[in-house]
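[1] Need a 3D model of the sequence below.
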Amino acid sequence: MQNKNEKVKVNIGDRISDFVQRNRKAIAVLFGLLIVLFIGLIAYLIISDNLNKKAIAEVEELVSRYENLDLFSTDDYFTEDTEELLVDLETFANSKKGYPGSKAWFVIGQIYSGREDWVKAEESWSTSARVGEKTYLGPISLFNAASAAQEQGKYEQAIIYLKESVEHKFEFPSAPHAQFSIGRLYEQLGNSSEAIEAYRLVLSKWPDITVWNNLARSRIISIESN
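    Numbering: from 1, shown residues only. As a prediction, this is how the structure comes out:
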């Protein structure tokens, strides 16, 4: 005789079998749809990867053109070759995201910086940071955007950029420098308490970075002695 557990197993098995028989067409359609979706996903990933590799190759070619320019003075940033490159960079940047787009905006920022057009340099680097938020270019672009903002006397905006660069999820080697710069900008704004707090963060977050620690300590002493 079958025991109770065996009867339950048989009943469940019969029910499953009966369900499959009654819904075999729907199950077959669903299974087929899952296969199509899976194949589509694989195809999408392959195509996206190929497009990204192509975009990277294209932006590196643009970067190479920039590096091959003779840029020794402000006037050199207004040559015909530089202008043509700028147009190509902007066309490319406006159609790309991620690293390729961010890199293009970064170089655009460098060109405008060379022209001492700090408004467009700031815009370009801030766009580079946004487009390349998930890349190492994010904090670097924010740091550069802060420099461009500072050139315009926009100290509050520069502080915002610098704080974002320090707090960025990607490791930023110049973070101690950025944090120290926050203190200096607060000093220029006449906010001594915020400046001291910024310098103390340099000491607490990067105790082994001697250069910035010494500079931060000297600024704290200078502020507190006045």
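[2] Against residue 202, how distant is the most centrally placed residue in the chain?
    In the chain, the centroid-proximal residue (Cα atoms, centre = their mean) is residue 133; its distance is 2.1 Å. The spacing between residue 133 and residue 202, counted by Cβ to Cβ, to the nearest Å, is 25 Å. For the C-beta atoms, the positions are set from N, CA and C on the backbone; glycine is no exception.
[3] which residues sit against stretch 80-90?
    Stretch 80-90 has contacts (Cβ atoms under 8 Å, 6 or more residues apart in numbering) with 62, 65-66, 69, 71, 76, 104, 107-108, 111.
[4] about what we covered before: look up phi and psi at the residue nearest to the centre of the chain.
    Here is the backbone geometry of residue 133 (degrees, to the nearest 10): phi -60, psi -30.
[5] Quick check, pLDDT for it.
    pLDDT, residue 133: 95.
[6] Could you do the one 5 residues further on as well?
    What the model reports for residue 138 is a pLDDT of 97.
[7] Show me the shaky parts of this protein.
    Within the chain, the segments meeting pLDDT under 70 span 1-21, 23-52.
[8] where exactly do the helices run in it?
    Using DSSP state H, the helices of the chain run over residues 4-22, 24-67, 80-93, 98-114, 118-131, 137-151, 155-166, 175-188, 192-205, 210-225.
[9] which residues sit in contact with the nearest residue to residue 200 once chain neighbours are set aside?
    Among residues not flanking residue 200 along the chain, residue 220 sits closest, at 7.0 Å (Cβ to Cβ, 6 or more residues apart in numbering). Residues in contact with residue 220 (Cβ under 8 Å, 6+ apart) are 196, 199-200.
[10] Can I have the buried ones of the residues you listed as a ChimeraX selection?
    This is how ChimeraX selects the buried members of the contacts of residue 220, with burial counted by 16 or more other Cβ atoms under 10 Å:
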select :196,199
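[11] Pick out whichever of the contacts of residue 220 sits closest to residue 128.
    Nearest to residue 128 among those, counting by Cβ to Cβ, is residue 199 at 28.5 Å.
[12] Now do the contacts for the closest one.
    By Cβ under 8 Å, 6+ apart, the contact list for residue 199 reads 180, 183, 216-217, 219-220.
[13] ok, it to residue 171 distance?
    Applying Cβ to Cβ to residue 199 and residue 171 gives a distance of 22 Å.
[14] Most neighbours among the contacts of stretch 80-90, please name it.
    Ranked by neighbour count (other Cβ atoms under 10 Å), these have residue 104 at the top, with 29 neighbours.
[15] From residue 81, how far out is that one?
    Counting by Cβ to Cβ - residue 104 and residue 81 are separated by 17 Å.
[16] Residue 226 now?
    Residue 226 sits 51 Å away from residue 81, going by Cβ to Cβ.
[17] out of the two, which sits in the more crowded spot?
    Set residue 226 next to residue 81 and count neighbours by other Cβ under 10 Å: residue 81 wins out with 13 against 6.
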